[in-house]
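Novice: Turn this into a model:
(2 chains)
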Protein chains: 2
Amino acid sequence: MTLSLDPRRIGAVLDGRWAESRQLGRSLALDDATHLDPADDLETTRARTLEAVGLMARTGLPLMALPEALGGANAHAANVAGFEETVTASPSLQIKAGVQFGLFGGAILHLGNGDQHERWLRPAMTGELLGSFAMTEIGHGSDVAAIGTTATYAPETDEFVIDTPFAAATKEYIGNAARDARAAVVFAQLITAGVNHGVHAFLVRVRTDEGAPVAGVTFADDGYKGGLPGVDNGRVAFDSVRIPRTHLLDRYGAVAADGTYSSPIASPGRRFFTMLGTLVQGRVSLDGAAVVASKLALDIAVRYGHERRQFTTADEITETTLMDYQQHQRRLMPALAAVYASALAHEKLLASFDEVFSGADDSEENRALLETRAAAFKADSTWLALDVIQECREACGGAGFMAENRLVGLRADLDVYVTFEGDNTVLLQLAAKRILGDYAKEFAQIDVGGVARFIGTQAAEHSLYRTGLANAGLAISDAFTRGLSDRRIRSGRLQRSLLETRLEVMVSELAGDLRPATRMNQADAAALFNSRQHELIEMGRAYVELEKWKALDEAMRDQTDPDQAKVFRRLRDTYGLSLIEKHMSWHLMYGRLPMSRARQLPDTLNRLCAKLAADSLDLVEAFGYTDEHRRATIATGIEARRQREAAEHYRHARARRDFPVAEKHLRRADTA
Amino acid sequence: MTLSLDPRRIGAVLDGRWAESRQLGRSLALDDATHLDPADDLETTRARTLEAVGLMARTGLPLMALPEALGGANAHAANVAGFEETVTASPSLQIKAGVQFGLFGGAILHLGNGDQHERWLRPAMTGELLGSFAMTEIGHGSDVAAIGTTATYAPETDEFVIDTPFAAATKEYIGNAARDARAAVVFAQLITAGVNHGVHAFLVRVRTDEGAPVAGVTFADDGYKGGLPGVDNGRVAFDSVRIPRTHLLDRYGAVAADGTYSSPIASPGRRFFTMLGTLVQGRVSLDGAAVVASKLALDIAVRYGHERRQFTTADEITETTLMDYQQHQRRLMPALAAVYASALAHEKLLASFDEVFSGADDSEENRALLETRAAAFKADSTWLALDVIQECREACGGAGFMAENRLVGLRADLDVYVTFEGDNTVLLQLAAKRILGDYAKEFAQIDVGGVARFIGTQAAEHSLYRTGLANAGLAISDAFTRGLSDRRIRSGRLQRSLLETRLEVMVSELAGDLRPATRMNQADAAALFNSRQHELIEMGRAYVELEKWKALDEAMRDQTDPDQAKVFRRLRDTYGLSLIEKHMSWHLMYGRLPMSRARQLPDTLNRLCAKLAADSLDLVEAFGYTDEHRRATIATGIEARRQREAAEHYRHARARRDFPVAEKHLRRADTA
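Specialist: Next up, the predicted model:
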């Protein structure tokens, strides 16, 4: 039944162009110093995580993203790919390192000028200057434009004065703030000469080298959270904190000594979104990190599922392996297929990220596509990770709940990924709004609802950015022809057609429903948008699902080894049919799938899952992780050893003369 | 828009017959000593939880379940209802108390004889004798019949010898074992005179009064888990541990001094399931505890959702309340309706539990119905709790991830509820198998697949036990008539018909598919059952969903106050339409709902959610919890206070002459 597969060859497909960098990231997890111990108290855990950040800095990964002039390699995707893999060491390390190198360092890199790069970039990327990224406030998370912190220019001293004017403007959930940060990139409303020029970033010294708060800076510790114990999140408030004018990261907005403001981007809205857009790396890397965490969880649960047995079924002695149960297959195999699809889609995201930031193709069109995809992929992959890890934890029963088997820790740590770096529901709206703007130009400009704030004006100048939906709905292809055989439900063309048609119709219907908003007053337009918010978000999901399916489909086509091609086809079909099953009522209601064919889908999916299950050990082996990455007792073969011991015991016992007869056998004998 | 509702009157409906006892359980949470502090280390947390168990014993709740002769009140449901509410203090307390009073004490009560009651029941129920319930082993969780621990009768000393013959037979995940238990009810294969009479329960002293392990007993600490830090789970192994013959809890199987075995139940299978059946209280109380946890989470998220604002939409100054966003309503309102349905269904479960255990109606038929419902409800409610708590945590954004806002702790603690006291997937199969046996007699006897082990022979003698499905599929009512108006999608008759028909058709289809198994050899029959396992589990879910819908529908009919009746109707419709939407493809494929009507369902549901959202503060107030129960900073009004302060600040600032103009307004002025 099983195919002849080479996990290393499959792994090479998954690891993709930046495999070497992934290996570097994974190698960190081989060092015990990067692992956390649940027995440690909070401060010990934080200290340990900081040390691990130091170890990561020493790999040189963070420096890779720097320009060549600063000793870097301008290698953005390589940096991110390696960084994502640090989840195998611990998500706390990934996030704390992400704050330090990706957010703090990244903001200096993308928003700062050459002098600022010279001064701060290397110390940031080597971990010498520990920093925070102080954007979110208690009162405003998703709506960054509305933050309350102010940076008022004082020409008499050539300084900015940073203030927290009310409690809701206190910076909140700031990583590195509770303990380690000495500096912070602080986002604040830039005010000069009586004008508020909107949100800009400032480098602010917040603690002395020895760790004492700088005068005017107040910290509070967020303390215990649902996960990520190694990350010291906290609150920061500013009371007339003065910083030199040259601490404004002024790539997109500068203030002269006399207080004159200037910017290469005239429109304040466009400027704001351009600045935020440079920070897309966070979302890109969370997409990849979520995939890594999902892989680890599946790796553990699939291995255990192939060893663990429960209940005799076929005969009275041999117990059945969990992985042989249909429901177990249905729990884990669609998850496995979705993780393969997500990994391959992420590889494409990384490629476009690299194009934009290396300068190979930093067209506005490509940037917009990158931002749309990063938002949508991050939302889908982080939710997927929570679902997959939880399914894995439950599939391992009580053992799954033990910290030593890793799954509960991964679940707890990944939880916040779905709401940080952009709340997932907001991110899907962002993507959906962009797709809508792509489809029909008038939506690119509309500015109602929270969504619009995120979209800004950037997309307006490009009515089409490769989502390929410009003519959606106008010529919906009639993919389904009567008389398709049972096997044809697995046809790739049919899957693609169903997924594409659904997206296209959702987009054109939404466009039709929302078009009146362009002629309404703001309140009515907002109400109309709100009445379709749920549908808008679903459309955003339909977009990601199609993108992920296409990535898996492409990878399948690239395979030359017959068995490897076969297993990729099964993965694609399992992912595709899972999606079609999930949205079956839609396909039926819109007449894309006849009832008779739809009824056969569940059984087809059952059979696919059974086939995948047979090869699932190879498919998780392909992830390239070892016992040192998994660090889960139940995934080490211990269960099979215990079962062998028990089986031996019974075998010997049955051979003994005094082995007690089971009462039920005795009764059968009586009756006979 | 809002109705005129009295939360206390609604609360009375929810709290039901055992409201007084619920108040008693809730009152425990008013004592700080019952709360856990995430800053405490594991041993402090355990010690604190043990103290809280003592406080609970002092309320007298556990004694209520005892017979009147032993100073109890024979009040089973009252005991359980009060016990469930201790989740508001902490789930660790609920579970540790559950182990002590429900499992350890309950096993003595239900499996022990009068002498044993005299000796051990009061000490168990007052917490004087701390005990474990040692059933699960490393090698066998769901399949209790296959446990490896042996209790061999030694007539020469009138003792049983308890042994763990191999590592997989080590008792595992045993609550109270790591630290506190002095005694344990140990489940083991009873062997006497060369015959194994199957699993029986024994009271075993495991530690001295001072806490040292008794000779032959070895403990290991399970240490850190995904939640429930206050419960000291551990492993227990036995090496020739001798206990007096009188320590066999012998209600269903006794051994005379000469080693002769006797039992009131001749069939070993039937005996085993009768013994396990007496322990149904655990599942009943987890169903209720899951409802309590879900209520707490919704209480927190709904309050925050009514205060928190993000993004201006209708005008440029006023930000929109989260609860006014359609997606926010869609996230929380179906959850609220499902929790109402679950609470009301649980009340019915408690009533049947009370009937059976008080002796008011302990017919085998009623017992079987109770067991089926307890299994199915527990599975559905515990999964619902995880979904609801997670949705609430995400709906509160980053604040939801902070331990001080309670949601992540509840989520972590409730996690294991879905796999303990019966893994949810196994429990749903149990329920489904019973329903199938009810529908078609031949299935009551069939014994293939893990499922069958759970069903035993008990149901065989009663082909119908009130599930009302005896003739399902034979006369499927044609509920749908063309021309129903838009409002009719909310018709209760239509909802009931759709939910009932789905269950009936699933049952009759499964019966048809599985019937050949009765004539197959064991291996083929097992394979056939396995090929329908996914469907079988879905059918079990369809059963619970219908039961819960009916409970909400009944409660709706009981309401006399017009506005209260209206809100219950909205809750019922929201729950019903959510279920119909979830299974829409089924209803379409089986021609129960025309496409045109189906397409209108999402909008109807959107409107219902908007209406419920308007009254949602009253609906969570009706849960009867206070700030002391919620203990979540964000649910205290702090967010509204911060927003008022910020709004005041801006109001004053705008009035000042030197308030900085926004650059975008300046530009507009330039252009004008």
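Novice: Tell me the spacing between residue A:399 and chain B.
Specialist: 8 Å (C-beta to the nearest C-beta, to the nearest Å). Glycine gets a C-beta too; all of them are placed from N, C-alpha and C.
Novice: what's the distance between that residue and residue B:169?
Specialist: Between residue A:399 and residue B:169 the computed distance is 16 Å (C-beta to C-beta, to the nearest Å).
Novice: Equivalent analysis for residue A:581, please.
Specialist: The span separating residue A:581 from residue B:169 equals 41 Å under the rule C-beta to C-beta.
Novice: Repeat that for residue A:73.
Specialist: As for residue A:73, its distance to residue B:169 is 57 Å (criterion: C-beta to C-beta).
Novice: of the two, who's got more company?
Specialist: Regarding residue A:73 and residue B:169, a neighbour count based on other C-beta atoms under 10 Å in any protein chain shown identifies residue B:169 as having more, with 26 against 15.
Novice: my guess is the more buried one meets residue B:136, correct?
Specialist: No: in this structure, residue B:169 is not within contact of residue B:136 by C-beta atoms under 8 Å, at 10.9 Å.
Novice: okay but residue A:237 is in contact with residue A:218, surely?
Specialist: Yes: using C-beta under 8 Å, residue A:237 is in contact with residue A:218, at 4.6 Å.
Novice: ok, the two, which is more surrounded?
Specialist: residue A:237 (23 against 14).
Novice: Doesn't the more buried one belong to a strand?
Specialist: Yes: applying DSSP: H, G, I helix; E, B strand; the rest coil, one finds residue A:237 inside a strand.
Novice: Tell me how far it lies from residue A:134.
Specialist: 10 Å.
Novice: list the residues that contact both of those two?
Specialist: Overlap between the neighbourhoods of residue A:237 and residue A:134 consists of residue A:171, taking contacts as C-beta atoms under 8 Å, 6 or more residues apart in numbering or on different chains.
Novice: those strands in chain A, which residues are they?
Specialist: Taking DSSP state E to define them, one finds strands in chain A at A:131-134, A:150-154, A:159-163, A:171-174, A:183-192, A:195-205, A:217-221, A:234-238, A:241-244, A:254-255, A:261-262, A:309-312, A:319-321, A:661-662.
Novice: residues touching residue A:100, list them.
Specialist: Taking C-beta under 8 Å, 6+ apart, we find residue A:100 in contact with A:53, A:62, A:124, A:127, A:130, A:131, A:176.
Novice: Could you rerun that using 10 Å?
Specialist: When the contact criterion is C-beta atoms under 10 Å, 6 or more residues apart in numbering or on different chains, the partners of residue A:100 are A:50, A:53-54, A:56-57, A:62, A:106, A:124-127, A:129-133, A:175-176, A:180-181.
Novice: same deal with residue A:257?
Specialist: A:153, A:155, A:158, A:245 are the contacts of residue A:257 under C-beta under 10 Å, 6+ apart.
Novice: Of those - the most surrounded one?
Specialist: Neighbour counts for those were taken using other C-beta under 10 Å; the highest belongs to residue A:153, which has 24 neighbours.
Novice: distance of it from chain B?
Specialist: Separation of residue A:153 from chain B (C-beta to the nearest C-beta): 10 Å.
Novice: leaving aside the residues next to it on the chain, what's closest to that residue?
Specialist: Setting aside the residues directly before and after it, residue A:153 is nearest to residue A:192 in space (C-beta to C-beta, 6 or more residues apart in numbering or on different chains), at 3.8 Å.
Novice: Domain map for chain A?
Specialist: In the domain annotation for chain A, the residue ranges read A:1-129, A:281-449+A:468-627 (the TED database).
Novice: any idea which of the ones you listed scores lowest on pLDDT?
Specialist: Considering those one by one, the lowest average pLDDT is found for domain A:281-449+A:468-627, at a mean of 91.
Novice: so how far is the first residue of that one from its last?
Specialist: Distance across domain A:281-449+A:468-627, first residue to last, is 30 Å (C-alpha to C-alpha, to the nearest Å).
Novice: now it, how far from the chain's geometric center?
Specialist: Taking C-alpha atoms, centre = their mean, to the nearest Å, one finds domain A:281-449+A:468-627 lying 12 Å from the centre of the chain it belongs to.
Novice: List the contacts of residue A:336.
Specialist: When contacts are counted by C-beta under 10 Å, 6+ apart, residue A:336 touches A:294-295, A:298-299, A:301-302, A:329, A:388, A:571, A:574-575, A:609, A:612-613, A:615-616, A:619-620.
Novice: Tell me the residues of the stretch 351-500 of chain A that contact chain B?
Specialist: Counting by C-beta under 10 Å from any C-beta of the partner chain, the residues of the stretch 351-500 of chain A close to chain B are A:383, A:386, A:390, A:393-405, A:407-409, A:411-412, A:415-416, A:418-420, A:423-426, A:428-429, A:448-454.
Novice: Could you rerun that using 8 Å?
Specialist: Residues of the stretch 351-500 of chain A found near chain B, taking C-beta under 8 Å from any C-beta of the partner chain as the criterion, are A:386, A:390, A:393-394, A:397-398, A:400-404, A:407-409, A:411-412, A:415-416, A:418-420, A:423-425, A:448-450, A:453.
Novice: Just the buried residues of those.
Specialist: The neighbour-count test (16 or more other C-beta atoms under 10 Å in any protein chain shown) marks A:386, A:390, A:393-394, A:397-398, A:400-404, A:407-409, A:411-412, A:415-416, A:418-420, A:423-425, A:448-450, A:453 as buried among those.
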